[in-house]
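Visitor: how would this look folded up:
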Amino acid sequence: MEFKIVIGAKDGKCYQKEIKDAEAEALHKKRIGETISGDQLGFLGYEFLITGGSDKCGFPMRKGIQEPRKKIKIGGSVGFSGKDRNKKKQKGLIKRRTVCGERVTGIIRQVNLKVLKEGSQLLGEAPAEAESPKKE
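Guide: Numbering: from 1, shown residues only. Here you go, the predicted structure:
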């Protein structure tokens, strides 16, 4: 199992990381709105809030949906835009859209996280590598 995580930091920047195996298992079966320790994902001292994500076909996760995928009628919220993004918004417009459930399962590919508590390590920092000598 592997996920791409997108972390929204407090400074307004977003950071992406791909996680596999044991780190991905920490997110498995969690729901939107739950918190997770950054130690489980490789970010020491951090604490994250799961805010959403999308599945392998690109359908967005939506809080309150218990099924893996469901067609629902929605008007102007998560999963509503798409092809009609450039059209003028009509008052009371409702459309049928496919969305994913709120639980992180095997079909989910991207998970969005929000930083609740910052740790000692910086998010954008890569692990320290040995510097190669410069050629002259």
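Visitor: do a quick rundown of the helices in the chain.
Guide: Along the chain, the stretches classed as helices by DSSP state H are 21-27.
Visitor: center of it, which residue is that?
Guide: The centroid of the chain falls nearest to Asn112 when counting by Cα atoms, centre = their mean (1.6 Å).
Visitor: any idea how far that residue is from Gly8?
Guide: 7 Å (Cβ to Cβ, to the nearest Å). In short, each C-beta sits where N, CA and C put it, glycine included.
Visitor: do the same with Gly75
Guide: 26 Å.
Visitor: looking at these two, which is more packed in?
Guide: Counted by other Cβ atoms under 10 Å, Gly75 and Gly8 do not tie: Gly8 has more neighbours, with 17 against 13.
Visitor: got the buried residues for stretch 31-44?
Guide: 32, 36, 38, 40-41, 43 (16 or more other Cβ atoms under 10 Å).
Visitor: contact partners of that stretch?
Guide: Outside of stretch 31-44, the residues within contact range by Cβ atoms under 8 Å, 6 or more residues apart in numbering are 5, 17, 19, 23, 26-27, 30, 45-52, 61-63, 102-104, 113, 116, 119-121, 123.
Visitor: got any ranges where this protein has weak pLDDT?
Guide: Counting by pLDDT under 70, the ranges of the chain that qualify are 81-89, 125-136.
Visitor: could you redo the last one with a cut-off of 90?
Guide: Along the chain, segments meeting pLDDT under 90 span 1, 10-11, 21-22, 42, 67-68, 74-95, 97, 119-136.
Visitor: and the strands in it?
Guide: Counting by DSSP state E, the chain has these strands, from start to end: 2-8, 14-20, 35-37, 47-55, 69-74, 95-100, 108-117.
Visitor: give the contact list for the closest residue to Met1 other than its chain neighbours.
Guide: Counting by Cβ to Cβ, 6 or more residues apart in numbering, Met1 lies nearest to Ala24, which is 4.6 Å off, once chain neighbours are set aside. Residues in contact with Ala24, defined by Cβ under 8 Å, 6+ apart, are 1-3.
Visitor: out of those residues, who's the most crowded?
Guide: Highest neighbour count within those: Phe3, with 21 neighbours (other Cβ under 10 Å).
Visitor: so Pro68 versus Glu102, what's the distance?
Guide: Distance of Pro68 to Glu102, computed by Cβ to Cβ: 11 Å.
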